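Colleague: requesting a structural model of the entry that follows:
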Amino acid sequence: MDFFVAIPNERGGRIMAARAAELGFETSVEQDAETGDWTCYCTKILVPTYEAVVAIESQLDSLARNMGGHADGFGTFGNADLANDER
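Modeller: Below you'll find the predicted structure:
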């Protein structure tokens, strides 16, 4: 799943990415070409239960608030491909 964190600037985005990486997320920081807004993308493979998603959003929001940011939603591109067709 991908979790989006709105951050006010690139420096804050890099700090957020490093902190999220310590929690096991793959991260990237990007600036929207049209709006100029910064987003830290935090990705983790998980079973998306309501409880898990709410806990992660809360955790990321707490980290982001220290830098003037906030959790800004989540999404998924579907199930990961399983090795050796273990479906």
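
Colleague: contacting residues for Glu26?
Modeller: Applying Cβ atoms under 8 Å, 6 or more residues apart in numbering, we find Glu26 in contact with Cys42, Thr43, Lys44. Just so you know, the C-beta spots here come from the backbone N, C-alpha and C atoms, and that holds for glycine as well.

Colleague: can you tell me which of those residues is nearest Gln59?
Modeller: Cys42 (9.7 Å; Cβ to Cβ).

Colleague: show me the shaky parts of this structure.
Modeller: 78-87 (pLDDT under 70).

Colleague: can we see that at 50?
Modeller: Within the chain, the stretches with pLDDT under 50 are 84-87.

Colleague: in this protein, which residue is most central in space?
Modeller: Cys42 (2.4 Å; Cα atoms, centre = their mean).

Colleague: can I assume it sits in a helix?
Modeller: No. Under DSSP: H, G, I helix; E, B strand; the rest coil, Cys42 falls outside any helix and is assigned strand.

Colleague: you'd agree it is up against Asp61?
Modeller: No. Between Cys42 and Asp61 there is no contact under Cβ atoms under 8 Å: 11.2 Å.

Colleague: so what sits against both of the two?
Modeller: With Cβ under 8 Å, 6+ apart as the test, Cys42 and Asp61 both reach Val5.

Colleague: tell me the buried residues in the longest helix seen in the chain?
Modeller: Taking DSSP state H as the criterion, the chain has its longest helix at helix 50-65. Within helix 50-65, the residues scored as buried using 16 or more other Cβ atoms under 10 Å are Ile56, Glu57, Gln59, Leu60, Leu63, Ala64.

Colleague: can you give me the distance of the residue nearest to the second one when sequence neighbours are not counted to Gly36?
Modeller: In other words, Glu57. Distances taken as Cβ to Cβ, 6 or more residues apart in numbering place Ala71 nearest to Glu57, at 4.7 Å, with adjacent residues excluded. Distance of Ala71 to Gly36, computed by Cβ to Cβ, to the nearest Å: 20 Å.
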